[in-house]
Structures are given as C-alpha cells and as structure tokens.
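> I would like the atomic coordinates for the input below:
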Amino acid sequence: MFIPRLRFNKRLADGYEQRILKKKLPKAELWIQAASVGESYLAVELIKNLKPEFPTRILVTTNTKQGLEILERSIIDILKERKGINVSVAYFPFDKPSIMKKAANQVRPKITVLLESEIWPGLFYTLKKYACTTIIINGRITEKSLKRYLVWPSLWRALRPDKIFAISEDDAGRFAKLFGPKNVTVMPNIKFDRLGYTESFSQKATPLEKIIAPDTYLIILGSVGHKEEAKVEKIILDIRRRQPNTVIGLFPRHLQRIKHWKHTLSRLSIPFILRSNAKTLVPSGAIILWDTFGELNFAYRHSNAAFVGGSLAPLGGQNFLEALTAGVIPVIGPYWDNFYWIGNEIVNQGLVRIALNWKQVADILIENTKKPPSHEDVINKALKYLKNRQGGTAHACSIITKILNKK
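Okay, here's the model as predicted:
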C-alpha cells in the first residue's frame, strides 16, 4: 500500500513506472548502482576504463533525475568510442523484495557493483539467492549511518556483500563493524582520478581578461550558500575596510540568490556590477556579482585568494579542489564533511587553509593577497598530491574484469 503513494513524491515521481518495473529492465552481465550525481560520474569513469575480454552488457541504475541525465549524456559519448560493450540506463527499482526478485529475473547479472554508500537490503537478499557476486566499490559509510544500521546487526551480517573496497581505513573499519571483517579492504578513491590539470595557466586565455586587469587584487567568494550569507556579508565589509582597493568576485551557490545579494549590497551601500553587464575593466574596490554560469574556474585562475563556501555553516562544503587545481590555495570554513575523503594531509601540506569563523576567513584572504604563491607552484603541488592518490579506477576495473571473465 505504501509504494503507490511514492508516485506523488516530487523526487520519486520521475521514472515511477520504471521503479516499479512496469518497464522491463534489460539483461546485463554487469549491474552498477549509482545513487545520484556524484556516483553517476564514478560509474561513467568505470565504464570508460573497463576492458572486458568478452562482449559485455552493462546496466547502470540511479535514484535521481540528475543522475539519469548525466548517465544518458555520458554514455552516448562512451559508446561512440568503445566496441564490445552495450550500456543501458534506468531508474533504480524500489527496494521491495518482490520488486527486487523481479528485477534480478530480468537483469540476471553476473556481478553487481554498488558505489560508495549504497546499501539496499532487498537487493542484497535477492542477489544472494541468485548467486550473483555483489561488491561495494569506493565504499564510504559515516559513523551516523553505521549507528542506524547497527540497530539490526544480524540482518547485515547475513546480507554481507562478497567484497567491500573502502576509500579509507576508517571507512573500512566501519564496514567491518556492520558486515564483519571478511573481505573488507581499502582502495584509492576513484574521485581522485577525475581530478587534474592539463593546461598551463599562463597559456590559457580566459573570458575574464577583458574585465580583470593583470595587477588587480582579486578575491573570490565562491559557491556561497544561503545559510552562510550573513557571515559572508561580514567578510565583505571587513575586506573592504582593511583593503578597499580589492575587487571581490561573489558567486552565490544558486542563481536565485542573486536578487538577495543585489538587495543586500545596495542596503550596505557597496558598489557592485553584475557579471552579465561587465564588458570592460572593472574599477578597483568593486564587487562583481556573478549572475552567469560556467566562469568560477576562470575566476579562481585570476584570483590572489579564494574562499570556497558551503563551509561556514553546516552545509557539508563545496568542491575546493577546483580552486586548488586552478592555482590558488582555498580558504574554507570548519564544515567540510562532504570532502573529508580528500584527507587531512591536504591541510597539513598547506594546500588548503581552514578558518574557524568568518573573521579568520577574512584574515587569511587578506594575508594571501599580500603574499600569494605563484599559480604554477600551487598547481604543481596540487597535481603531486592528487597523483599520489590516483589509481582507484584501474584497481576497480581490474576487480570487475576478473569476475566477469570467470566462467
């Protein structure tokens, strides 16, 4: 009785007919489950690098519309270049035993890969009955999730996947507590393989050269979240008081917040210009309010210092590696739990600066504008950090291929 009501859920209404299997799933030797956007990119990375010895059918499922769109768009490009694989994309069925039994009958996978934190009891139970090899790749599990799962520890021991490859010793330890220590190991995080920098900063022309003079002190406030706006206001006021000639590039996380920032800057009597209206060099001391997509990376490359938002309020943080690989050492607040997988070593090496509050953010930003390291030096150090942690994709593809090739 509960599942029919899910068609009225905004997030689950998309693909509802697929989720209840009114639309049949295709047969596939390999079934990959990718929860949403981040996991879908990981699935694409795996498929791009997978080299099975025999023709292989792959089914990739996801829970969200955004994930499905990424998969559909990316798979088209992959299939143009690859022979011997056939990839289908669909919404993940509801995790009800009767639905999962039907799904397993339709797909009949030889191996099922669950990415990161995908733990579905109905799927695990069904695949065990069908003797399908089940593995978790790029596995991560938080302490909070673990406590919730451990309410019923005997269930998870019985449903244990065949192999679990976690992204850290801590995650491996948590998986071991849940499923038992058997076949739990650590692997390099695939996300590091998706990061890199291929073009020299000095050789790359950018669309911002027409509005940012080479000698401009430029501070970027990137991906500013709604819940931290009041603190970012204070950062702006403090920077302008102490270093009034600095140009500030303000990037709200969501464009619908542009209206709020226009009102706020006007209320504070701070001159600003919308990025869409900036056609010539902006004057010193101005704020550029970014109301266009796709230029944050270019702005980082021109900046002397940068704050990456989502981190001054408990929002989990935004991707500060984008700033780092553009040649600027990012400043973030204390809330960056969405990116703990990058490792504390990046902080210890001085490649990221963590501030405890808005005042420390402002202090570090001003400090960085006065003695900024060269972009090329930062990029080289960032690439070295990333390179030493790459290889997860090849590791995972090797595991999957060995299982696929078993007769």
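
> In PDB, list the C-alpha atoms belonging to stretch 34-51.
What follows is stretch 34-51 as a C-alpha-only set of coordinates in PDB (Å, rounded to 0.1, in the frame of the first residue of the first chain):
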ATOM      1  CA  ALA A  34      24.900   4.800  -8.700                       C
ATOM      2  CA  ALA A  35      22.700   6.800  -6.200                       C
ATOM      3  CA  SER A  36      22.900  10.300  -7.700                       C
ATOM      4  CA  VAL A  37      25.100  12.800  -9.400                       C
ATOM      5  CA  GLY A  38      28.500  12.000  -7.800                       C
ATOM      6  CA  GLU A  39      28.100   8.300  -8.100                       C
ATOM      7  CA  SER A  40      26.900   8.600 -11.700                       C
ATOM      8  CA  TYR A  41      30.200  10.300 -12.600                       C
ATOM      9  CA  LEU A  42      32.100   7.400 -10.900                       C
ATOM     10  CA  ALA A  43      30.000   4.900 -12.900                       C
ATOM     11  CA  VAL A  44      31.000   6.700 -16.100                       C
ATOM     12  CA  GLU A  45      34.700   6.700 -15.100                       C
ATOM     13  CA  LEU A  46      34.500   2.900 -14.500                       C
ATOM     14  CA  ILE A  47      32.700   2.200 -17.900                       C
ATOM     15  CA  LYS A  48      35.200   4.400 -19.800                       C
ATOM     16  CA  ASN A  49      38.100   2.400 -18.400                       C
ATOM     17  CA  LEU A  50      36.600  -1.100 -18.300                       C
ATOM     18  CA  LYS A  51      38.100  -3.500 -20.800                       C
END
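
> Averaged pLDDT, it. What do you get?
For stretch 34-51, the mean pLDDT works out to 92.

> swap in stretch 109-116?
Average pLDDT, stretch 109-116: 97.

> same check, this time on stretch 345-352
The average pLDDT within stretch 345-352 is 96.

> Can I get that stretch in CSV? Just the C-alpha atoms.
The C-alpha coordinates for stretch 345-352 follow below in CSV (Å, rounded to 0.1, in the frame of the first residue of the first chain):
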residue,chain,number,x,y,z
GLU,A,345,47.1,15.7,4.6
ILE,A,346,46.0,18.3,2.2
VAL,A,347,45.6,20.7,5.1
ASN,A,348,48.9,19.6,6.7
GLN,A,349,50.7,20.4,3.5
GLY,A,350,49.3,23.9,3.4
LEU,A,351,47.3,23.3,0.2
VAL,A,352,44.0,24.2,2.0
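
> In that stretch, which residues are buried?
Buried residues in stretch 345-352, defined by neighbour count with 16 or more other C-beta atoms under 10 Å: 346, 351, 352. C-beta: built from backbone N, CA, C; applies to glycine.

> Next: stretch 366-382.
Counting neighbours by 16+ other C-beta under 10 Å, stretch 366-382 gives 366, 368, 369, 372, 375, 378, 379, 381, 382 as buried.

> least confident pick among those residues?
For those, the pLDDT minimum is residue 372, 85.

> what's the closest non-adjacent residue to that residue?
Spatially, and ignoring its direct neighbours in sequence, residue 372 is nearest to residue 304 (4.5 Å; C-beta to C-beta, 6 or more residues apart in numbering).

> Can you identify the element that follows the helix or strand containing residue 18 toward the C-terminus?
Per DSSP states H and E, residue 18 falls inside helix 16-19. Following helix 16-19 in sequence order, the next helix or strand is strand 30-34 (DSSP H and E).

> How about residues contacting that next one?
Residues outside strand 30-34 that contact it (C-beta atoms under 8 Å, 6 or more residues apart in numbering) are 39-40, 42-43, 46-47, 56-62, 67, 71, 92, 107, 109-115, 118, 120, 123, 400, 404.

> which of those count as buried?
Buried among these (16+ other C-beta under 10 Å): 39-40, 42-43, 46-47, 56-62, 67, 71, 92, 107, 109-115, 118, 120, 123, 400, 404.
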